[in-house]
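Participant: only geometry, no sequence info:
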């Protein structure tokens, strides 16, 4: 079984957040989803768990940061620069804030492995 990453996020509006992530290409999965949480799948190994504030508070007593702060940077791979731009535009059109930083193109990312 491959290792997976599930990023849990507190959200103020579960319905709007599901719409937002669906617009970015995530698929809603009924697994672990109810009226307090939505399990959104990006790939076989990466998912996002959207949690209402009340549900989030059942996992931690730490305060939910204000929406004006940045607590984490998530990097998502895309096949092309055009796909990156389309995802950023879709995020902006569905309630997100597009990347406020100047556009940078770091070129293709490759991972090299060597066998013994």
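Facilitator: Thanks, I have it. In this text, all values refer to a predicted model and were calculated from it rather than measured experimentally.

Participant: quick one: residues contacting the residue nearest the centre of the chain.
Facilitator: Centroid-nearest residue in the chain: residue 48, 5.6 Å away (criterion: CA atoms, centre = their mean). By CB atoms under 8 Å, 6 or more residues apart in numbering, the contact set of residue 48 is 6-9, 21, 26, 39-40, 42. The C-beta positions use only the backbone N, C-alpha and C, and glycine is treated the same way.

Participant: and the longest helix belonging to the chain, what does it pack against?
Facilitator: For the chain, the longest helix by residue count, based on DSSP state H, is helix 81-93. Counting contacts by 3 or more CB pairs under 8 Å, 6 or more residues apart in numbering; DSSP states H and E, helix 81-93 is packed against helix 14-23.

Participant: show me where the protein dips below the pLDDT cut-off.
Facilitator: 1, 70-75, 106-116 (pLDDT under 70).

Participant: cutoff 90 now
Facilitator: Residue ranges of the chain with pLDDT under 90: 1-6, 8, 31-32, 59-89, 91-92, 95-116.

Participant: the strands in it, which residues?
Facilitator: 5-11, 27-34, 37-41, 46-52 (DSSP state E).

Participant: quick one: closest of the ones you listed to residue 100.
Facilitator: Closest approach to residue 100 among these (CB to CB): strand 5-11, 19.3 Å.

Participant: direction included, what does the closest one pair up with?
Facilitator: strand 46-52 (parallel) (DSSP bridges).

Participant: bridge partners for the residue nearest to the centre of the chain, pull those for me.
Facilitator: residue 7, residue 40.
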